[in-house]
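Student: let me see the structure of the following:
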Amino acid sequence: MRPVLPVIVVSQFLCTSLWFAGNAIAGDIAEQMALGTGFLAHLTSAIQFGFIVGTLVFAVFAVSDRFSPSRVFFASAILAGLFNLGISLADIMPSQILAFRFLTGFFLAGIYPVGMKIASDYYQKGLGKSLGFLVGALVLGTAFPHLLKSMGTGLDWQFVVYITSALAAAGGLAILLLVPDGPFRRPAQKLKFTAFLDGFRQREFRAAAFGYFGHMWELYTFWAFVPVILATFRQRHPAVALDVPLLSFGIIGLGSLACAFGGLLSQRLGAKPVATGALLLSCLCCLASPLFVFSDSAPVLIVFLFFWGLVVIADSPLFSTLVAQSAPEKSRGTSLTIVNCLGFALTILSLQFVNFFSTKVSSQYLYLLLAIGPALGLAALLGKRKSAPFTSKADTRR
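Tutor: Numbering: from 1, shown residues only. I've put the predicted structure just below:
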């Protein structure tokens with residue numbers, strides 16, 4: 001078998017650079033159009049809602065199971081890139097920008113979960129390692145537009161749009177030309193509108209899915225509030241020079257290493273134990289946050305945030321591994337897609353929940369609320385079974 005994993009990983013990285021391309025240039029767009037400070041929130045919500053709607057549509061119609069996943073990935077990459085390019089049109093209105101970001105998010109549903117589906121069609125043994133690299137590519141891809149923005153100092157904000165759209169097209173072409181459908185693919189024979197529910201009838205699938213949901217409750221809200229935590233420290237200690245954007249990029253971006261390491265570790269210990277351990281550590285970080293977020297020592301705070309940034313994402317590819325392994329073969333792509341859909345929907349609820357309490361609870365104790373998700377996820381993973389534990393040949397020692 002040809003070594004397709006590097007191609008899938010690079011393509012995923014190139015295409016997911018579209019995800020936060022708008023965020024990297026939101027300030028420039030807002031300044032150019034004299035928009036309010038809430039524009040960034042609207043821009044982020046637009047692409048998240050687009051992704052949620054897209055994953056729901058892809059799941060209901062079982063797109064990646066009924067059609068060639070490689071071709072679905074390619075078509076989605078081209079369309080997402082074109083809609084991303086749309087925000088650079090002359091005389092565009094703010095409402096049109098939000099519509100283009102929504103549509104970009106919609107077709108990202110044919111990139112991120114479909115990329116995992118393609119990997120699972122090639123790698124049944126060692127799937128945890130494969131998805132570890134794949135989700136690591138997603139983490140880097142989402143952070144990459146900020147690097148482009150810093151490299152393009154002095155250039156128009158459209159530079160970021162042009163580059164990310166071109167990268168997405170390149171990633172889609174690479175999958176189409178170099179990654180044919182995998183040997184373990186089991187295409188669905190006919191449309192079944194309830195296929196996305198099939199996995200939830202299995203206890204092992206539900207446990208993996210609910211573990212993932214608990215992880216997602218914490219993940220994006222933590223990422224969103226990292227700059228807030230750092231900025232709050234800088235306000236309390238104005239004499240301490242903190243580069244908030246650079247530190248935020250490092251805390252989030254280094255999570256890609258945790259994904260890769262977690263995937264490799266799962267080869268020895270199994271996906272479920274490693275995912276459970278990472279979820280437990282991130283839950284402990286939530287519970288310990290009052291001791292650190294108001295620390296008077298910048299190094300202590302930064303080390304804590306870097307550690308939290310590593311463990312908060314390390315379990316993500318492993319939960320996807322467990323979902324893929326426990327899903328029905330003919331609806332594996334659909335199962336991955338619907339779990340992504342519900343997980344990302346939870347990120348919006350979590351963000352709004354924490355944002356609501358941010359004016360009612362001291363910021364020292366605010367992040368205790370993030371522990372709700374990991375705690376419930378751990379309960380789902382460690383609850384009593386009526387059947388044997390779910391493992392796979394891919395995750396057991398031989």
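
Student: shaky segments in the stretch 151-300 of the chain?
Tutor: Within the stretch 151-300 of the chain, the segments meeting pLDDT under 70 span 152-154, 187-199.

Student: that one: helices as residue ranges?
Tutor: 158-178, 203-236, 244-253, 255-269, 271-292, 298-314 (DSSP state H, counting those that start in this stretch).

Student: can you say which of these is nearest to Gly54?
Tutor: Among these, the nearest to Gly54 by Cβ to Cβ is helix 158-178 (14.8 Å). From N, CA and C alone the C-beta is placed, and that goes for glycine too.

Student: related to what we said a few turns ago, so can I have a markdown table of the helices of the stretch 151-300 of the chain showing distance to Pro145 and mean neighbour count?
Tutor: Shown next, in a markdown table, are those (distance: least, Cβ to Cβ, whole Å; neighbours: other Cβ atoms under 10 Å):
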| stretch | distance to Pro145 | mean neighbour count |
| --- | --- | --- |
| helix 158-178 | 6 | 21 |
| helix 203-236 | 14 | 21 |
| helix 244-253 | 11 | 18 |
| helix 255-269 | 15 | 21 |
| helix 271-292 | 25 | 21 |
| helix 298-314 | 18 | 20 |
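
Student: now render those as JSON lines, adding distance to Val60.
Tutor: Output for the helices of the stretch 151-300 of the chain, formatted as JSON lines (distance: least, Cβ to Cβ, whole Å):
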{"stretch": "helix 158-178", "distance to Val60": "23"}
{"stretch": "helix 203-236", "distance to Val60": "17"}
{"stretch": "helix 244-253", "distance to Val60": "32"}
{"stretch": "helix 255-269", "distance to Val60": "29"}
{"stretch": "helix 271-292", "distance to Val60": "27"}
{"stretch": "helix 298-314", "distance to Val60": "28"}
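
Student: so which of the ones you listed comes closest to Gln48?
Tutor: With respect to Gln48, and counting by Cβ to Cβ, the nearest of these is helix 203-236 at 8.3 Å.

Student: so which of the helices of the stretch 151-300 of the chain comes closest to Lys129?
Tutor: Nearest of these (Cβ to Cβ): helix 255-269, 4.1 Å.

Student: can you give me the neighbour number for Ala380?
Tutor: Using other Cβ atoms under 10 Å, the number of residues around Ala380 comes to 16.

Student: could I get the pLDDT score of Thr396?
Tutor: If you check Thr396, the pLDDT there is 38.

Student: before we move on, back to that, out of the helices of the stretch 151-300 of the chain, nearest to Ile338?
Tutor: Closest among the helices of the stretch 151-300 of the chain, using Cβ to Cβ: helix 203-236, at 8.7 Å.

Student: angle of the closest one against helix 244-253?
Tutor: For helix 203-236 against helix 244-253, the angle by axes from the mean of the first three to the mean of the last three Cα atoms, to 10 degrees is 160 degrees.
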